[in-house]
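Participant: all I have is the shape, not the residue letters:
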């Protein structure tokens, strides 16, 4: 039987409009603006990365993708908001391990369940925080810093929240060295750095992108990175391990979660979009510029990393002696 070109086109069009379309497209997603809720405050590193993805996703889906920061309570406010959002793919969380591992270990009465209330989508990047001081600080590396701290007696440091990885590392450093280091929690990295520059703090922690920008601007000195390896944007900054300190290689990650019970076709639509966006050269350049290693994994790989990191962070919390009162 001969099929005319017109008949073939009609058949192809019908197939494309049904089974040929991706499952997420058949579901009508997205049918309205999409919201990404980032960890931390507007203008912070995670918020900025969220905007990079928002631009790519908006272009892909033809719908506005807005970034809606809900800061406070070490990420609990943002995580709880997304956990209770409609499971239709239109609201997701871009976050750090603090909301799903650290808080779960330190705060057993969270308003959300880190596992049951969320659907992991993709872990887009991983990296580690840096310990920093004012540019005029009288020390240039961790050994000199420890010697100075022991002589001074009491030194305060700022992080972006109780139970954050930076907080854990600060307390672990305190235990390992015997220096009197006092933690001060802030709602954001920028707020901590404002007090650092205003000489209300002795030192602080920073994401690599902030450390690079502030050090290049002559305001900040970077003493070390708590990660498994140096970052390309600050290749002269050694890791803690290189400087003789053990236990500071539990890397942080940036992951995207949807509310639990989000339909599988929509989950797969998100996963595909996030992985394709993460693979784009300009997105990779932005992530590397922030001091993170691009990942873009699957939900199964996300959960595998989560399960591996949970006991390591629990061990770090125990070793650092961190409690909610610190």
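Facilitator: It's in. If you're wondering where the values come from, they're calculated on a predicted model, not measured in any experiment. Residues are numbered from 1 along each chain as shown.
Participant: got the contact list for residue 313?
Facilitator: Residues near residue 313 by C-beta atoms under 8 Å, 6 or more residues apart in numbering: 97, 101-102, 105, 165, 168, 250. Yep, even glycine has a C-beta here, placed from its N, CA and C like the rest.
Participant: mind running it again at 10 Å?
Facilitator: Taking C-beta atoms under 10 Å, 6 or more residues apart in numbering as the definition of contact, the neighbours of residue 313 are 97-98, 101-102, 104-106, 163, 165, 168, 250, 252.
Participant: kindly report the same for residue 105.
Facilitator: When contacts are counted by C-beta under 10 Å, 6+ apart, residue 105 touches 114, 163, 310-311, 313-314, 316-318, 322.
Participant: check the spacing between residue 285 and residue 253 real quick.
Facilitator: Counting by C-beta to C-beta, to the nearest Å, the gap from residue 285 to residue 253 is 19 Å.
Participant: tell me which of these two has more neighbours.
Facilitator: residue 253 (23 against 11; other C-beta atoms under 10 Å).
Participant: which helix or strand contains that one?
Facilitator: With secondary structure defined by DSSP states H and E, residue 253 is part of strand 252-259.
Participant: and the contacts of residue 105, which are buried?
Facilitator: If you count burial by 16 or more other C-beta atoms under 10 Å, the buried members of these come out as 114, 163, 310, 313, 316-317, 322.
Participant: tell me where the chain has helices.
Facilitator: Using DSSP state H, the helices of the chain run over residues 5-17, 23-26, 45-61, 76-83, 97, 103-106, 142-152, 165-177, 189-197, 208-216, 264-278, 281-289, 299-320.
Participant: before we move on, back to that, now, among the contacts of residue 313, which is nearest to residue 269?
Facilitator: Of all these, the one sitting nearest residue 269 is residue 97; the distance, using C-beta to C-beta, is 25.1 Å.
Participant: that closest one: what's it in contact with?
Facilitator: Contacts here follow C-beta under 10 Å, 6+ apart; on that basis residue 97 touches 39, 75, 103-104, 114, 123, 126, 163-165, 250-255, 305-306, 309-310, 313.
Participant: returning to that earlier point: which one of the helices of the chain lies closest to residue 91?
Facilitator: Nearest to residue 91, of all these, is helix 76-83, at 5.8 Å by C-beta to C-beta.
Participant: what residues sit buried inside the closest one?
Facilitator: Applying a neighbour-count criterion of 16+ other C-beta under 10 Å, one finds 76, 78-83 buried in helix 76-83.
Participant: now for those, which pair is the farthest apart?
Facilitator: Pairwise distances across these (C-beta to C-beta) peak at 11.2 Å, for the pair 76 and 82.
Participant: give me the common contacts of these two.
Facilitator: Going by C-beta under 10 Å, 6+ apart, residues that sit against residue 76 and also against residue 82 are 70, 99, 112.
Participant: which one of these has the most neighbours?
Facilitator: residue 99 (29 neighbours).
Participant: model confidence at it, what's the number?
Facilitator: The confidence metric pLDDT takes the value 94 at residue 99.
Participant: residue 1 now?
Facilitator: For residue 1, the model assigns a pLDDT of 37.
Participant: can you offset everything so residue one is 170?
Facilitator: Noted, 170 is the first residue going forward, which turns the last one into residue 170.
Participant: what residues does the residue nearest to residue 430 when sequence neighbours are not counted make contact with?
Facilitator: Spatial nearest neighbour of residue 430, chain neighbours left out: residue 256 (4.3 Å); criterion: C-beta to C-beta, 6 or more residues apart in numbering. Applying C-beta under 10 Å, 6+ apart to residue 256 gives the contacts 286-288, 427-432, 435-436.
Participant: write the ChimeraX selection for whichever of the contacts of residue 266 are buried.
Facilitator: Selecting the buried subset of these in ChimeraX, with 16+ other C-beta under 10 Å as the burial test, is done by:
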select :208,244,272,273,283,292,295,332,333,334,419,420,421,422,423,424,474,475,478,479,482
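Participant: show me what the longest strand seen in the chain is packed against.
Facilitator: With secondary structure taken from DSSP state E, the chain has its longest strand at strand 287-296. In this structure, strand 287-296 packs against helix 214-230, helix 245-252, strand 260-264, strand 421-428, helix 433-447, helix 450-458, strand 462-463, helix 468-489, with contacts taken as 3 or more C-beta pairs under 10 Å, 6 or more residues apart in numbering; DSSP states H and E.
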